[in-house]
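Student: no sequence on this one, just coordinates:
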């Protein structure tokens with residue numbers, strides 16, 4: 001009986017050690033992934049202000065360029081409108097002369 005008990009105990013001990021080894025390997029892999037994720041997060045936090053500043057600069061340039069284009073277009077339309085009003089007034093005067 002003692003021998004059976006010892007064999008059973010050895011088998012259980014062997015199974016527990018193999019399970020422990022397996023879980024330690026898994027824990028090591030997960031810890032490595034966690035460290036990698038933490039380093040990526042730190043890098044992103046460092047790059048975030050730089051990216052934000054770059055994005056702000058780019059958007060300011062694009063918006064100011066678009067605003068200039070729209071102001072130029074407005075000025076052109078206003079001058080065109082002025083010319084058309086002058087032409088219409090001339091046409092109105094011509095019509096009044098005929099009648």
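Tutor: Thanks, I have it. Model, not experiment: these values are computed from the prediction.

Student: tell me the mean pLDDT over the host helix or strand of residue 37?
Tutor: Using DSSP states H and E, residue 37 maps to helix 2-98. Averaging pLDDT along helix 2-98 gives 92.

Student: and stretch 76-94, which residues are buried?
Tutor: For stretch 76-94, the neighbour count (16 or more other CB atoms under 10 Å) marks no residue as buried. All C-beta spots, glycine's among them, are computed from the backbone N, C-alpha and C.

Student: Sorry, wrong one. I was asking about stretch 6-20.
Tutor: Result for stretch 6-20 [16+ other CB under 10 Å]: no buried residues.

Student: From the chain's centroid, how far away is the helix holding residue 37?
Tutor: 0 Å (CA atoms, centre = their mean, to the nearest Å).

Student: packing partners for it?
Tutor: Packing partners of helix 2-98 (3 or more CB pairs under 8 Å, 6 or more residues apart in numbering; DSSP states H and E): none among the helices and strands.

Student: And the contacts of stretch 81-94?
Tutor: Applying CB atoms under 8 Å, 6 or more residues apart in numbering, stretch 81-94 turns out to have no external contacts.

Student: ok, residue 63 to residue 69 distance?
Tutor: Going from residue 63 to residue 69 by CB to CB, to the nearest Å gives 11 Å.
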